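J.: Fold the following and give me the result.
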Amino acid sequence: MLDALLLCITAFATGFAAAWALGTRTRVQLAEIKARADEQARAAEAKLELVAEAKHSLTNAFKALSADALSAQSRSFMDLAAAHLEKFQVQARGELEARQKAVDALVQPIAESLTKVDGKLGELERACTRTRR
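T.: Residues are numbered from 1 along each chain as shown. Sure, this is the predicted structure:
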């Protein structure tokens, strides 16, 4: 019976040692896996920060490019508008001068006739004044 007890204790001790060895190996593997997971989590956070910085940088670059494009487009539009306005002003000035000449040509004979009529009225008034005296 002592042999059976000794055999049981030995079997128990061997099983415990085997379990302990297996548990130790499992704990080491678990620690390695946890270390890798922590490392991957830090790498993922770094990648997310990099993506956020890239997004911010691209956003700023796009804003700057769009502002430059809008500014250039506005300048181009204003230059084009100024050129068209200048062309229109030159054309309008030419038309105004032509109209002024046409009006002068129409008014000139009337002005001459009025001058003649005024002269005749003056003569008639003088004649009337002389006859009344």
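J.: show me where pLDDT drops low in this protein?
T.: For the chain, residues meeting the criterion pLDDT under 70 lie at 2, 15-23, 133.
J.: show me where it has helices.
T.: Secondary structure of the chain, counting by DSSP state H: helices at 2-132.
J.: Just want to check the distance between T115 and E125.
T.: From T115 across to E125, the span is 16 Å (Cβ to Cβ, to the nearest Å). To be clear about C-beta, it is placed using only N, CA and C from the backbone, and glycine gets the same treatment.
J.: now do K87
T.: For K87, the distance to E125 - Cβ to Cβ - is 55 Å.
J.: repeat for R36
T.: R36 is 125 Å from E125, by Cβ to Cβ.
J.: do the same with A69
T.: A69 is 79 Å from E125, by Cβ to Cβ.
J.: neighbours of R25, just the number please.
T.: 10 (other Cβ atoms under 10 Å).
J.: Kindly report the same for Q73.
T.: 10.
J.: now swap in A52 and tell me
T.: 10.
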